[in-house]
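Engineer: kindly return the folded structure for what I paste below:
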Amino acid sequence: MKKGQKSINKPLEKIGFIDICEAADEGDELSREVIIHAALVLGTGLANFMNLFNPDIIILSGPLNKHSSLYYEIASEHALKKSYLGDTSILFKRLGYFGDHAISLGAAAMFLQELLAQ
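Structural biologist: Numbers count the residues shown, from 1 in each chain. Prediction:
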């Protein structure tokens, strides 16, 4: 563990992302650092996506967004701060109506949109 900090009370090989999310929610500093770092990386990628495509809405789904509100909040705030769009009206949503199927359905919708545009 970092700097000898004792964090999650499990053997290292048995620690999963849900354990880290729960520990971060309980105030564990090392777990919070891990979540925040990962969220900043995603936020930077989202800012690049926003700069390229200027979407109206971004729906963040997946296990980390499902289990960590800290991850979602940091990623979306960082994306808005890092994008070149300024005061933007891009709407961020967490998980959305389709839940765990959102990624697959979003990809299918993009495919159909491209197919129909031709």
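
Engineer: low-confidence ranges in this structure?
Structural biologist: 1-6, 87, 96 (pLDDT under 70).

Engineer: tell me which helix or strand comes right after the longest helix along it.
Structural biologist: Taking DSSP state H as the criterion, the chain has its longest helix at helix 29-53. Per DSSP states H and E, the first helix or strand lying C-terminal to helix 29-53 is strand 57-60.

Engineer: which elements pack onto the longest helix of the chain?
Structural biologist: Packing partners of helix 29-53 (3 or more C-beta pairs under 8 Å, 6 or more residues apart in numbering; DSSP states H and E): helix 17-25, strand 57-60, helix 69-82. Where C-beta positions appear, they are placed from N, C-alpha and C, glycine not excepted.

Engineer: using TSV, lay out these together with distance to residue 103.
Structural biologist: Output for the helices and strands packed on helix 29-53, formatted as TSV (distance: least, C-beta to C-beta, whole Å):
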stretch	distance to residue 103
helix 17-25	17
strand 57-60	9
helix 69-82	15
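
Engineer: format those as a markdown table; extra columns: distance to residue 51 and mean neighbour count.
Structural biologist: Formatted as a markdown table, the helices and strands packed on helix 29-53 follow (distance: least, C-beta to C-beta, whole Å; neighbours: other C-beta atoms under 10 Å):
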| stretch | distance to residue 51 | mean neighbour count |
| --- | --- | --- |
| helix 17-25 | 28 | 18 |
| strand 57-60 | 13 | 16 |
| helix 69-82 | 9 | 19 |
